[in-house]
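> Only the shape, not the letters, is given here:
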């Protein structure tokens, strides 16, 4: 597998400028001769589709939702980072770069991360021009807040709905290009396979989710912006439809899957309330700016929070990390919450929860001020739990939230399959082993607005294309394979639903490949998953047929892919014999329980190559060099 | 909780529909409304029946995918709440719950509770944007915007495009949806150059899609899960009048030249 990063050498500060100059251009008159496919309409997909269409390319954009505006980027609450230094508090592109590399525990590629920090400022400008109503001061200038462990205020936000507003900006730009005839939109259409012709990605095969029709689409390049795979755990903060299918299909055609074990657990979610639970709801991490996290000092203390005196409360984040306190990065906060619950000091039903208490903040700033900051979040919490966080401390617990792993891409965001580009959460590129808060929106939009439009020109300008025939043998073969798979699912006369299998897989992974992992657990999961997969294919029941609107079938197909993917995730976690960022291996920790990295053996990207059914995937490594940022142990004490 | 559900079942756009009675007895008050439907669907599936089709995705009240009419009210009895965020504690043990799709001529039923709302996308495509192509933007702080203005724009921009306003309106009008977008963009300095064409284009598209006119009943705003206010429709009407003057002025200028 060729894992050439294509990142320009030399000073990282000028790398992107030099690379932009060196890249091939496509003549404006020639752009309209190229056909591009974008799968996914979230921040990365919608931004790329709109920007490519503005340049003159013909774009087809696909999403499984009924409208491109509903992609899960819309649910991001907290904000978007940018190194504007509007607050005069010492921020800079270099500082954002450094924080991101360090936050990712030195498991990301330097040149990519620097470029992300560099482009961050242009994103804010672009979004303001589109009419994104970012919060402003009374002066009329843009407001910022500090977010998720950053010591500067660089986060731009639109109340608790930043993702929604950024996505609507990109969606409106996309709709403008649809009206102009430069983008053809395919909503309620799911990509089920990627088609590789002569070694290059030349199209996709889709299923129309209303009619059930299987269709082939040929193109000169394919961009996957299909999000993350957090739903492999069944319970996560992802939308119910989020899935690994698109990237998994690409993997099975030879695209490398990088760092699948890097999954982020978000510390502030509403705890699980019962077995019927279908998803977990995130409470923005901005709440940690004012809320104080605590549990009772004594294990098994079942008193109401108001009955527990100050002296019997353990503000464990403030105690363990005096410098950062409640604002330590996500992975650190999540593990600390898990460890106090493991000590039987957790609160709420089932004992898997910690308090996030606003009493001091309300005393200090008043209920009105706190309401202005977090009113919508408090309301949402109350709606779900029937408890009022102005009076009773919130209960929170970590939940799966984001996946840093994804398809391997080079500096141009192209996978090892020429012509297959991957953007946003679907690629592995910028967050290393842990993503900082307010950086996902930044990455999705950087990829879509400012990177793909350049790098795709370079690919198109330097490649010779034969005309693609979407009725050719490669497409026919993919269509036949899909029809057979659908038939296999709907013909099966089993006794268990896809959801029950998904729940079982999710619990297995959460217990063994979740917040803390160890060799024995990972081995056990790796043994169990193939059995579970076999049971799935022999016992699953999928009502209806493939030739109709059939949500059970859509879901079963996604679960089938998760069943395969989960095994690779455990394998990756097993092979990475170190703790870094969100990947915490219990065997590798410092005496005080912090993650212990092993740079000598694991300063690399783990890239997995598919080698056939029933065969073990092959591990390749892209070594990571750190010339600008210095390898250091993270410390938030 | 025991409940009697009466659920709208319809195979496809041209098939006749009917209300199917389904008795359930294993619901807990902390379930969300959609989790209750999940439980029902699991049971139907194992009994060899076709599960109920319904749209949903984020299940946290922001994507706008979900939305059904519950006992006559789009998104159900709790104000300011999408169907996915409605919890069963809002209902009584033993209650009968009638569940229907969002009904409107421009929202054809695809199956059961799933409707086609793509008309709303086509209305946005007719002008619900600011034409700022990627790369041309000045610094984000180049144009200060009064906090009150941007806050009002944000109030309008909170629309999730679920279509409850249309389902509640006796005329099946999409004026609140259009008003929200016209207000959001029209309140901002960046939205001014295209302001008049925007209102005209979007209202024309709305008419073409078969949505009805507004007769200021106000049901739309009452059921809106995001609290979009009727004053957005007033703003839309002001902008449309502005459009008429703009067109008149343009033709006057053309006559004079």
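Everything's here; your move. Bear in mind that the values here come from a model prediction, so they are computed numbers and not experimental data. Numbers count the residues shown, from 1 in each chain, chains lettered A, B, ... in the order given.
> So which elements touch the host helix or strand of residue A:100?
Assessed by DSSP states H and E, residue A:100 sits inside helix A:93-103. For helix A:93-103, the packing partners by 3 or more C-beta pairs under 8 Å, 6 or more residues apart in numbering or on different chains; DSSP states H and E come out as helix A:110-130. Placement of C-beta: from N, CA and C, glycine included.
> State the mean pLDDT of the helix it packs on.
Averaged across helix A:110-130, pLDDT comes to 98.
> For the helix holding residue A:100, which outside residues touch it?
By C-beta atoms under 8 Å, 6 or more residues apart in numbering or on different chains, the list of residues contacting helix A:93-103 from outside reads A:12-13, A:81-83, A:108, A:110, A:113-114, A:116-118, A:120-121, A:149-150, A:152, A:154, A:329, A:430-432, A:434-436, A:439, A:581, A:626, A:628-629, A:632, A:634.
> Quick check: mean pLDDT of it?
96.
> low pLDDT regions in the stretch 101-250 of chain A?
Applying pLDDT under 70 to the stretch 101-250 of chain A flags residues A:149.
> mind running it again at 80?
A:148-149 (pLDDT under 80).
> The stretch 51-200 of chain B now?
For the stretch 51-200 of chain B (pLDDT under 80), the answer is none.
> wait, doesn't residue A:566 sit right on residue A:231?
No: using C-beta atoms under 8 Å, residue A:566 is not in contact with residue A:231, being 10.8 Å away.
> ok, of the contacts of helix A:93-103, which come out buried?
A:12, A:81-83, A:108, A:110, A:113-114, A:116-118, A:120-121, A:149-150, A:152, A:154, A:329, A:430-432, A:434-436, A:439, A:581, A:628-629, A:634 (16 or more other C-beta atoms under 10 Å in any protein chain shown).
> who's in contact with whatever residue of the stretch 1-150 of chain A ends up closest to chain B?
In the stretch 1-150 of chain A, the residue that lies nearest chain B is residue A:140 (2.9 Å; C-beta to the nearest C-beta). Neighbouring residues of residue A:140 by C-beta under 8 Å, 6+ apart: B:144, B:145, B:146, B:147.
> Filter the residues you listed down to the buried ones.
For the contacts of residue A:140, buried by 16+ other C-beta under 10 Å: B:145, B:147.
> Now the spatially closest residue to residue A:243 that is not a sequence neighbour: phi and psi?
Using C-beta to C-beta, 6 or more residues apart in numbering or on different chains and skipping the chain neighbours, the partner closest in space to residue A:243 is residue A:558 (4.0 Å). Backbone torsions of residue A:558, given as degrees, to the nearest 10, read phi -70, psi -40.
> residues contacting residue A:558?
A:231, A:241, A:243, A:244, A:245.
> roughly how far out does the helix holding residue A:100 sit from the chain middle?
Distance of helix A:93-103 from the chain centroid (C-alpha atoms, centre = their mean, to the nearest Å) equals 19 Å.
> Let me know whether residue A:611 touches residue A:620 as I believe.
No: if you go by C-beta under 8 Å, residue A:611 and residue A:620 don't touch, sitting 11.4 Å apart.
> Relative to chain A, how far out is the residue nearest the centre of chain B?
The C-alpha lying nearest the average C-alpha coordinate of chain B belongs to residue B:163 (C-alpha atoms, centre = their mean; 2.4 Å). Distance, residue B:163 to chain A, by C-beta to the nearest C-beta, to the nearest Å: 10 Å.
> these two touch, right, that residue and residue B:107?
Yes: using C-beta under 8 Å, residue B:163 is in contact with residue B:107, at 6.3 Å.
> For the stretch 51-200 of chain B, which residue gets nearest to chain A?
Taking C-beta to the nearest C-beta, the stretch 51-200 of chain B has residue B:144 as its residue nearest chain A, at 2.9 Å.
> Which residue comes closest to that residue once chain neighbours are left out?
residue A:140 is the one closest to residue B:144 (C-beta to C-beta, 6+ apart), at 2.9 Å.
> any idea how far the residue of the stretch 1-150 of chain A closest to chain B is from residue A:125?
Plainly put, residue A:140 is 16 Å away from residue A:125 if you go by C-beta to C-beta, to the nearest Å.
> sorry, back to before: okay, the residue nearest to residue A:243 and chain B: tell me how far apart.
13 Å.
> And residue A:182, by the same measure?
Counting by C-beta to the nearest C-beta, the gap from residue A:182 to chain B is 11 Å.
> was I right about that residue contacting residue A:53?
Yes: Residue A:182 lies in contact with residue A:53 (C-beta under 8 Å); the separation is 3.7 Å.
> So the two - more neighbours on which side?
residue A:53 (27 against 20; other C-beta atoms under 10 Å in any protein chain shown).
> show me the contacts for the more buried one.
By C-beta under 8 Å, 6+ apart, the contact list for residue A:53 reads A:59, A:174, A:177, A:180, A:182, A:183.
> quick one: which of those residues is nearest residue A:482?
residue A:59 (23.6 Å; C-beta to C-beta).
> beta partners for the closest one?
residue A:36, residue A:183 (DSSP bridges).
> Correct me if wrong: it contacts residue A:177.
Yes: under the criterion of C-beta under 8 Å, residue A:59 makes contact with residue A:177 at 7.3 Å.
> Mutual contacts of these two, please.
Common neighbours of residue A:59 and residue A:177 (C-beta under 8 Å, 6+ apart) are A:49, A:53, A:183.
> and the second one, what helix or strand is that in?
To tie it back to what came earlier, the one meant is residue A:53. helix A:43-55.
> buried residues in that helix?
Buried-residue list, helix A:43-55, by 16+ other C-beta under 10 Å: A:43-55.
> Report the contact partners of residue 200.
Picking chain A for this. A:417, A:418, A:419, A:463 are the contacts of residue A:200 under C-beta under 8 Å, 6+ apart.
> My question was about chain B, not that one.
Per C-beta under 8 Å, 6+ apart, neighbours of residue B:200: B:127, B:240, B:243.
> Kindly recompute the last result at 7 Å.
For residue B:200, the contacting residues are B:240, B:243, by C-beta atoms under 7 Å, 6 or more residues apart in numbering or on different chains.
> pretty sure it is in a helix, no?
Yes: with DSSP: H, G, I helix; E, B strand; the rest coil as the criterion, residue B:200 is part of a helix.
> distance of it from residue A:158?
Taken as C-beta to C-beta, the span from residue B:200 to residue A:158 is 27 Å.
> Which parts of the stretch 101-250 of chain B are helices?
For the stretch 101-250 of chain B, applying DSSP state H, counting those that start in this stretch gives helices covering B:118-125, B:147-157, B:164-168, B:175-186, B:195-209, B:219-223, B:231-256.
> follow-up on the earlier one: between residue A:611 and residue A:620, which is the more surrounded one?
Shown here are residue A:611 and residue A:620; by other C-beta under 10 Å, residue A:620 has more neighbours (18 against 11).
> just to revisit the earlier point, helix, strand or coil: sort out the residue of the stretch 1-150 of chain A closest to chain B for me.
Quick answer, by three-state DSSP: residue A:140 is coil.
> how near is it to residue B:157?
Residue A:140 is 18 Å from residue B:157, by C-beta to C-beta.
> Quick check: what element follows the strand or helix carrying residue A:506 along the chain?
Taking DSSP H and E as the criterion, residue A:506 maps to helix A:498-513. Remark: after helix A:498-513, the chain's next helix or strand is helix A:519-539, criterion DSSP H and E.
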